[in-house]
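**Q** the following comprises the amino acid sequence and a computationally predicted model.
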Amino acid sequence: MGIRRGHQARLGEVIAEKLILAISLSTIAMVFLIFLFVGREAFPVLLGRVSSAAAQEKPLPVEAMNTLTPAQLRAYLGLSAQEFSSMDRDTIQSLMEVRIEASAEEKPSRDAELNTVAWRYLLFPFQWSDYDKPVYVWQPVSGIHKYNIMPLVVGSLKTTIVALLFAVPLSLAAAIYVSQLANPRWKEWIKPAIEMLSAVPSVVLGAFALLVLATALQSLFGYQYRLNAFLAGIALGLTCVPVIFSIAEDALTSVPRSYTQAALALGASKWAAAWQIVVPAAIPGLFAAVVLGFGRCIGETMVVLIASGNAAILSPSLIEPVRTITATIAAELGETVVGGHHYRMLFVLGTLLFIVTFLTNLAGDVVIHRLKGRLEGKK
Amino acid sequence: MSDVFPPRPRPATESGSPPSPEAVQRSIIETEGLSLFYGKAQALKSISLKIQEKVVTAFIGPSGCGKSTFLRCFNRMNDLIDTVRVQGQCRIGGEDILGPDVDVIELRKRVGMVFQKSNPFPKSIFENIAYGLRLHGTRDRKTLDEVVERSLRGAALWDEVKDRLHESALGLSGGQQQRLCIARAIAIRPEILLMDEPASALDPIATMKVEELILDLKKEFTIVIVTHNMQQATRISDYTAFFYIGELIEYDRTTRIFTNPQRKQTEDYVTGRFG
Amino acid sequence: MKGRFNKPSIDPVAAFFTGLTGLATLFILAILGVILGYLFWRGGGQVSWHFITGGTDTDMFDASRAGIFPMIIGTAARVLLMTVFVIPVGVITAIYLTEYARSGSLLTRFIRSAVNNLAGVPSIVFGLFGVGFFISFLGGSLDSLSGSPEPHWGKPALLWASLTLAVMTVPVVIVATEEALKAIQPGLREASLALGATKLETILRIVLPNALPGILTGGILAISRAAGEVAPILFTGAAYYLRDTPKSLTDQFMDLAYHVYVLSTQSPNVELTSPILFGTVVVLLALTFGLNLIAVIVRSRIRRQMRAAH
């Protein structure tokens, strides 16, 4: 029996390896596909190819219902697929007539001719005809769809900041305690117990905030609105406590024990060793924990959808209702016409979220990677 | 260690000295100018050596001298490390084994290996031995039963485990596990058995059993053993090669290496001046 | 007289901060305890045989008569279908990363950062992806291929919700499987290869059987994570009310987590329907916590095995 490879090369082996590689590459493909298919609906808006003004033009004659395709007709009447399919010819005809009458009665509004999805209306304040000063408004309803995203961005930031102010000190303190100070026998229990907090679905935390926490905090602080940025932020903080704690605890634990032992041998207390030696060595990891916690908060949906009050008002106050980017998508996508400007605007918000979280994750990863390299190099 | 085991008279010396390595006729492993690199670092420097059939050859030398790396060239286990590059020639039974067209699977069937740390699979004793056979296509239960028994007897383990063949191999003692690994290796009837410090993790009694086993196995197999224990080399090997920082310093009959080394470095090492 | 090695007086700064960080830890645990305690206290009484096995055909907002059986079935269907998609992809990717990939190569780093990024994408964005890719693109293409005038594939469905969740939970499975693969003693792979096994044979016969507990953990964690998610299924398959449980992959479904959302925001009277809400929450928590607990136990076993192996 020779050891030369004859005609029977191990083909199966080669094919299997290629197949395994191909499937692994699908993870990269998924990230690309997410960007591509969320972006695909958003790009026409971003590139200025969509105009909401077009939809405001003068109504079509009733006879058009015979010449338009069903899809065009549906889009013209602004109906969902379900509504449209449940209507018979007569209903549609009367809808067409209502449309003509409505436009005849409507005062010619200068707003109707605006393309409200143009960049300047998305980002900057504008004085709409029935307002007395320029404002930031997200109001994609009624005749003129107003799509200023600033109230949503500020809403997301407000809840996230409250959440981080609440969760970061708490989680970092707990991470220091569990990794450095706690009795190792307790540690075995405390760590998984805190991580169990992540097993509470965010919709459950949202419901808890709505029904219990809202009342408790309102009677405690005596503010006006039951649902507001503060409440949503606290509940949101609970969702990111396990995230921040987990990463921070890992970073602190990965600091070589020899560091601590050297300090203890010199007579430092456990706390002094932790605070003066371990924490500084793990700073990048703690930073990454906060960054990833931020990413988690800004992308969280259900808690803020349920507990934030959902009013898209631009205001610096933390005790007024807010509306976040995520909650807007969740609340409005169901009511939009597929392919319409409102639908596309929600995908614009999704793309924005994707990019923000993509960058925060990347930053967090890079920091953690560097920290690991540094600690391993020093060992 | 030497107090526990005074060197036993070796069978080879009883029946007269083996021939010197240069005089060997039937060499089974031959290397010529074999060099090996980990990335840019050279771990083996142009080693040429002939290993005789059905004897025990020991590789000795201080840690990091390349003896294990050299051993792993014979069954191409170094292939598992991405950065390794090999130059020169290595022939087994006259066939080059380093070429890209060599079927390492066939090679490893012919060149078995036992590792430093015993590594039985977390399966039953029976399944551990049968693993290699099943891999190479033996399905017949009767054949499997026979080979398992023969291999376990060959590894002097049969009497200890015959009543619990279907219990987990992880329940065996350290020494038994290592003999199980030897039995597993010989079950597929290799020509050559490579042993990488097979007794370094074992207690003295278990070490003695493994050494007895090696002396027994050389009737059927060519054995190459890496050891850092010089007494062990004198007890079980016929030939000894001394390595130092990637170079083959001296290769001769074991008796000569330990009683009359030709090179200063060898003498320093075997007399315990370094290493 | 005080000896030189008598216990020194306690450093007040150290004691203060140890106490403070300890309190923070206790506070988190207390919050968890209060939330769970409250939810089980309010919802425990609602959970009865009738509640679990009853349907919604009577009145889904009547606390004394409503059941959540269709929601349980819907949730079970979507997470089990998800595992069918996610386990193979996750496990095979983990195998590539631990068994085949060169650790420093660019490709490996790309795959790793893709996995990390996938783990950080907000769940609502997965929902949008489900709508844009699975429903509009895949479903739409299937419909235009079959030429049916009515959308059959291009609408929210159990299949699309499960696929969306599978994309979301791929990182969970990869991380758990990788951990299990790394916990395997490296000597076992060497032993198998030295006996003349090919790499694939070694993976199939030695590596995977030993990693099975880790793979199961990954699956369980993925299910636990997915079961509580609402945002990805809002527009890809979950329904507010249906008369029946899903019968095919293209049907919509009712769902436990989605039901909690419905009862919190769209109930005619949140106070009156809150027993149903808390009851549903208890059932949902029992599911996610039970699964997590199993995963934690299996995982700690793997970690012990890993410490023993290295």
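**A** That came through, no problem.
**Q** name the residues that touch stretch A:265-274?
**A** With CB atoms under 8 Å, 6 or more residues apart in numbering or on different chains as the test, stretch A:265-274 has contacts from A:176, A:180-181, A:259-260, A:263-264, A:276-277, C:11, C:13-15, C:17-18. Placement of C-beta: from N, CA and C, glycine included.
**Q** quick one, what contacts the closest residue to chain B within chain C?
**A** Chain B sits closest to residue C:187 of chain C, with a gap of 3.4 Å, by CB to the nearest CB. Residues near residue C:187 by CB under 8 Å, 6+ apart: B:115, B:117, B:119.
**Q** look up how far chain A lies from the first one.
**A** For residue B:115, the distance to chain A equals 22 Å [CB to the nearest CB, to the nearest Å].
**Q** now swap in residue B:77 and tell me
**A** Look at residue B:77 and chain A: by CB to the nearest CB, they are 15 Å apart.
**Q** quick one: that residue and residue C:189 touch, right?
**A** No: counting by CB atoms under 8 Å, residue B:77 stays clear of residue C:189, with 10.7 Å between them.
**Q** who in the stretch 151-300 of chain C is up against chain A?
**A** C:151, C:155, C:167, C:170, C:174, C:198-200, C:224, C:227-231, C:234-235, C:257-258, C:260-261, C:263-265, C:270, C:274, C:277, C:281, C:284-285, C:288-289, C:291-293, C:296, C:300 (CB under 8 Å from any CB of the partner chain).
**Q** now do the strands in chain A.
**A** When secondary structure is read from DSSP state E, chain A shows strands at A:138-139, A:146-147.
**Q** the closest residue to residue A:336 other than its chain neighbours: what's it in contact with?
**A** Leaving aside its sequence neighbours, residue A:336 sits nearest to residue A:343 (CB to CB, 6 or more residues apart in numbering or on different chains; 4.0 Å). By CB under 8 Å, 6+ apart, residue A:343 lies in contact with A:41, A:333, A:336-337.
**Q** residue A:325 now?
**A** Neighbouring residues of residue A:325 by CB under 8 Å, 6+ apart: A:149, A:152-153, A:155-156, A:298, A:349, A:352-353.
**Q** centroid-nearest residue for the chain?
**A** Using chain A. residue A:299 (2.3 Å; CA atoms, centre = their mean).
**Q** chain C was what I was after
**A** For chain C, by CA atoms, centre = their mean, the most central residue is residue C:225; offset 2.0 Å.
**Q** which ones are touching residue A:250?
**A** residue A:285.
**Q** typo on my end, residue A:247
**A** By CB under 8 Å, 6+ apart, the neighbours of residue A:247 are A:285, A:288-289, A:292-293, A:364, A:368.
**Q** again, 7 Å this time
**A** Counting by CB atoms under 7 Å, 6 or more residues apart in numbering or on different chains, residue A:247 touches A:285, A:288-289, A:292.
**Q** can you give me the strands in chain B?
**A** So, for chain B - with DSSP E - the strands run B:27-38, B:41-52, B:56-60, B:84-92, B:95-96, B:111-114, B:192-196, B:222-226, B:239-244, B:247-253.
**Q** residues near the closest residue to chain C within chain B, how many?
**A** As assessed by CB to the nearest CB, chain C sits closest to residue B:119 within chain B, at 3.4 Å. The local packing of residue B:119 (other CB atoms under 10 Å in any protein chain shown) involves 23 other residues.
**Q** quick one: pLDDT of it?
**A** At residue B:119, the model reports a pLDDT of 92.
**Q** return the backbone torsion pair for the residue nearest to it when sequence neighbours are not counted.
**A** Excluding its sequence neighbours, the residue lying closest to residue B:119 (CB to CB, 6+ apart) is residue C:187, at 3.4 Å. Note on residue C:187: its backbone torsions stand at phi -60, psi -30 [degrees, to the nearest 10].
**Q** now residue B:97
**A** The phi/psi pair for residue B:97 (degrees, to the nearest 10) is phi -110, psi 0.
**Q** if I look at it, how far off is residue B:224?
**A** Distance of residue B:97 to residue B:224, given as CB to CB, to the nearest Å: 14 Å.
**Q** hmm, whichever strand or helix holds residue C:213 touching chain B?
**A** Assigned by DSSP states H and E, residue C:213 belongs to helix C:208-227. Yes: using CB under 7 Å from any CB of the partner chain, we find that helix C:208-227 touches chain B at residue C:210.
**Q** avg pLDDT for whichever helix or strand comes after that helix?
**A** The element immediately downstream of helix C:208-227 (helix or strand, assigned by DSSP H and E) is helix C:256-265. The average pLDDT for helix C:256-265 rounds to 93.
**Q** what angle do helix C:256-265 and helix C:208-227 make?
**A** 20 degrees (axes from the mean of the first three to the mean of the last three CA atoms, to 10 degrees).
**Q** so which bits of whichever helix in chain A runs longest are buried?
**A** The residue-count maximum for a helix in chain A (DSSP state H) belongs to helix A:341-378. By neighbour count on 16 or more other CB atoms under 10 Å in any protein chain shown, the buried set for helix A:341-378 is A:341-354, A:356-358, A:360-365, A:367-369, A:371, A:375.
**Q** repeat that for stretch C:244-251.
**A** C:245-246, C:250-251.
**Q** equivalent analysis for stretch C:101-115, please.
**A** C:101, C:108, C:111-115.
**Q** just stretch C:11-19 next, same as before
**A** For stretch C:11-19, burial by neighbour count (16+ other CB under 10 Å) applies to C:14, C:17-18.
**Q** JSON lines for the contacts of residue C:187, including distance to residue B:126?
**A** Shown next, in JSON lines, are the contacts of residue C:187 (distance: CB to CB, whole Å):
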{"residue": "B:115", "distance to residue B:126": "21"}
{"residue": "B:117", "distance to residue B:126": "22"}
{"residue": "B:119", "distance to residue B:126": "17"}
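**Q** residue contacts, the residue nearest to the centre of chain A?
**A** Counting by CB under 7 Å, 6+ apart, residue A:299 touches A:326, A:353, A:357, C:122.
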